[in-house]
Structure formats: C-alpha cells, structure tokens
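Chemist: Next come a sequence and a model predicted from it.
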Amino acid sequence: MTNRVTKAVLPVAGFGTRFLPATKSVPKEIMPLVDRPLVQYAIDEARAAGITEFIFVTSRGKSALEDYFDSAPELEKALHDGKKHHLIEALKQTDMDSGAVAYIRQQERRGLGHAVWCARRLIGDEPFAVILPDDVIDADKPCLQQMVEAYAEHGGNMVAAMEVEHSRVSSYGILDVKSESGASMKVQGMVEKPQPEDAPSDLAVIGRYILSPQILRNLDTMDSGAGGEIQLTDAIAAEIEKNDNVYAYRFQGRRFDCGSKSGYLQATVAFGMARDDLRPEFVEFLRSYLENDAPKPAIRAV
Ligand code: UTP
C-alpha cells in the first residue's frame, strides 16, 4: 500500500459546549482568529501537506460551515462592482475545487472515533489524515506537512505529539513511547484521559493524525471507551497490539487549543500581533491596558 496521503477527515460534529451560548448557532470551526475562521487554517495546512480531498463530519446546525466553502455570487458581484479587489482576493481562500469537499452527517455524537468511522465509505482503502480544526498550529513548515514527510518513510499510523503539563494529562490521550529516532517515536501504549498518577508520560496526542484504513476496521467493532464515547485513541492503540506500527511525531511549532476559551484568546492575541496592519494599534492598546492594571470593562463576558 502507498504511503501517499490525499484525503483528510475533519470531524466537526461536536457541540462545542465550552463556547456556549455562541456555539448555539455558530459552529466553533467558523469562529475567527482575527478575520479567518479556524477551519480556514486547517484547510491551508492540509493543502500544504498535499491533501486534495476534504471530508467534513458534521451534524445538525453546521450549515454555516457548508456555506463558507460555497460560492457567494451576490457578494462577489457587489465586491466586483465596488472594485474591492483585495476583498475578492481574500474570498479566494474559500474556493474549493468542485467535488473536493464532502459532508457526512454524524447523526448521534458518539465520540471522535465514531465521527471518523462515519467517513469510512468516502475514505476507502487508503491512508488518510484526521485534522481537528480547533487545534491551530503555528509553524514555519505546516504541522501536517511535517508529518506527511515523516509518514512517507515508515507508513503505519502516526499521531502528532507534544509535552503538556503533568497536571493537564487527564485532558488528552497520553503516549507510552518505546524508542525515538529524530522527531519520530515508536509508541508502545496509549491511554485516553488518564489521571496524572496513571499517565505513562506527559506526552499528549493533539489534533493531527495520519491513519491506515485498518483503523476503520478496528472502529467497526469498537465499544465505548473513556467518557462513554467511541475513542479514536482506542482504535489506534489496538494497532500497537496487532501490527506494532504506531508512531508519534514531535512536531515543530506552537499549538493553540482554540477549543478552550483561554487558548482561543491566546491565539487571537498571537495572530493579531502577527498582522502588520493591526500590530501597531494592538500593541499600543495592550501595553497601556496592562500598564493600567487591566481595567475591567463594565460589560462582562460572564
Ligand atoms: P471536543 O472534545 O473538543 O468536543 O471534540 P466539542 O464538542 O468540539 O467541544 P466541547 O468539549 O463540547 O466544548 C474534539 C473534536 O471531535 C469532534 C469535535 O467536533 C471536535 O472537532 N467530535 C467529537 C465529533 O465530530 N463527534 C463527536 O461525537 C465528538
């Protein structure tokens, strides 16, 4: 089987409860960092890695996501008539080749593993990437591209890994590593959301994966795991037992957990600061805000 990866699954069927009430009607993946929605960062990263087919696993209430990647003739005409060329250019980021994007519904939220399994017929019998758009990774070479290059050498299954604080391991899938060679590590165990005292390391799986189709077959027979959900981690861990072909990749770059309020705010500051058109005013605001001991606004984001 070839190690070439051209399909990516983007599971976006979750409720995004940490951002309620906003996510009652706005999918988390459409929330912007400055002026680009989280999902745009994911698509750009995937394209840089050579992905040409995008499979979104969605749910009720996510139509804004489908509209985002659709054409918008009236808007385009208005921008054209108004000679707003830079905005027409900005809209081009959302262009998708006809047939390059597919939407599959996960009717019941039964976990990340189940969401990926819902895409099995579109994935077929080839390796595929999984991208969680709420993990935004800022890197000189996009994270998935780093992984695809490493994956070409050994195939199997690969997860993106980073060190987390020991007290935070219960929020992640945690890795037990057997050996390391450069950025690639051979994995001998994985456990979903362990208590700190049970964690085999502080090395966490974050939202980028390259998986063999065998994972889909493992998911076929999977029962609920941690939190009563069908866990992708369990289906990958089963491959350690069966084929000993699971690798973790210690990527270069900085990951922002935009599924959490704190991570989202940090990413907003970092990406805002990186924009030449915003930076001078933004820096000035932050400096004076902090010098004045961060005065609380009268209207609170409760
Ligand atoms: P999260 O654990 O972040 O859940 O899911 P969530 O619903 O997005 O957010 P909170 O925790 O309620 O605030 C991780 C990823 O898995 C997807 C989510 O959409 C997200 O991209 N997912 C999770 C599904 O697609 N289906 C599921 O059943 C569960």
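Modeler: Everything's here; your move.
Chemist: what ranges do the helices span in the stretch 51-200 of the chain?
Modeler: Taking DSSP state H, counting those that start in this stretch to define them, one finds helices in the stretch 51-200 of the chain at 63-68, 73-81, 85-91, 112-118, 120-123, 143-154.
Chemist: how about the ones you listed, which one is nearest Arg287?
Modeler: For Arg287, the closest of these is helix 85-91, at 29.0 Å, according to Cβ to Cβ. Backbone N, C-alpha and C define where each C-beta goes, glycine included.
Chemist: So for the residue nearest to the spatial centre of the chain, what's the nearest residue that isn't a sequence neighbour?
Modeler: Geometric centre of the chain, nearest residue: Leu132, 2.2 Å, by Cα atoms, centre = their mean. Counting by Cβ to Cβ, 6 or more residues apart in numbering, Leu132 lies nearest to Gly207, which is 2.9 Å off, once chain neighbours are set aside.
Chemist: what's around that neighbour, how many residues?
Modeler: Residues lying near Gly207 (other Cβ atoms under 10 Å) number 22.
Chemist: After the helix or strand harbouring it, which helix or strand is next? Please name it.
Modeler: Element membership of Gly207 [criterion: DSSP states H and E] is strand 203-211. Under the assignment DSSP H and E, the closest C-terminal helix or strand after strand 203-211 is helix 214-220.
Chemist: Report the mean per-residue pLDDT for the helix or strand following that following helix.
Modeler: Going down the chain from helix 214-220, the next helix or strand is helix 232-243, by DSSP H and E. Mean per-residue pLDDT for helix 232-243: 93.
Chemist: Ok, stretch 119-136 next?
Modeler: Averaged across stretch 119-136, the pLDDT comes to 97.
Chemist: try stretch 264-272
Modeler: 97.
Chemist: Is the ligand within reach of that stretch?
Modeler: No. For stretch 264-272, no contact with the ligand is found by Cβ under 6 Å from any ligand atom; the gap never falls below 10.8 Å.
Chemist: Stretch 184-204 too?
Modeler: No. Judged by Cβ under 6 Å from any ligand atom, stretch 184-204 stays clear of the ligand, getting no closer than 10.1 Å.
Chemist: List the contacts of that stretch.
Modeler: Contacts with stretch 184-204, where a contact means Cβ atoms under 8 Å, 6 or more residues apart in numbering, come from 150, 153-154, 158-159, 161-180, 205, 225-227, 231, 233-234, 236-237, 240, 246-250.
Chemist: Please type out the ChimeraX selection for whichever of those residues turn out to be buried.
Modeler: For the buried members of the contacts of stretch 184-204, the matching ChimeraX selection, counting by 16 or more other Cβ atoms under 10 Å, is:
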select :150,158,159,161,162,164,169,172,173,174,175,176,177,205,225,231,233,234,236,237,240,246,247,248,249,250
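Chemist: Just the C-alphas of the strand or helix carrying Tyr289, formatted as CSV.
Modeler: Counting by DSSP H and E, the element that carries Tyr289 is helix 279-291. This file holds the C-alpha atoms of helix 279-291, laid out as CSV (Å, rounded to 0.1, in the frame of the first residue of the first chain):
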residue,chain,number,x,y,z
ARG,A,279,0.1,45.3,15.2
PRO,A,280,0.9,49.0,15.9
GLU,A,281,-2.5,49.8,17.4
PHE,A,282,-2.9,46.5,19.1
VAL,A,283,0.5,46.6,20.8
GLU,A,284,-0.3,50.1,22.0
PHE,A,285,-3.6,49.0,23.4
LEU,A,286,-2.2,46.0,25.2
ARG,A,287,0.7,48.0,26.6
SER,A,288,-1.5,50.7,28.1
TYR,A,289,-4.1,48.2,29.2
LEU,A,290,-1.6,46.2,31.2
GLU,A,291,0.2,49.4,32.5
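Chemist: and it, what other elements does it pack with?
Modeler: Here helix 279-291 touches helix 261-273, going by 3 or more Cβ pairs under 8 Å, 6 or more residues apart in numbering; DSSP states H and E.
Chemist: now could you export just the CA positions of the helix it packs on as CSV?
Modeler: Output of helix 261-273 as CSV, limited to C-alpha atoms (Å, rounded to 0.1, in the frame of the first residue of the first chain):
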residue,chain,number,x,y,z
LYS,A,261,-11.6,29.9,25.8
SER,A,262,-8.1,30.6,27.1
GLY,A,263,-6.4,29.0,24.1
TYR,A,264,-8.7,30.9,21.8
LEU,A,265,-7.8,34.2,23.4
GLN,A,266,-4.1,33.4,23.3
ALA,A,267,-4.3,32.6,19.6
THR,A,268,-6.3,35.8,18.9
VAL,A,269,-3.5,37.8,20.5
ALA,A,270,-0.7,35.9,18.8
PHE,A,271,-2.3,36.1,15.3
GLY,A,272,-3.4,39.7,15.8
MET,A,273,0.1,40.6,16.7
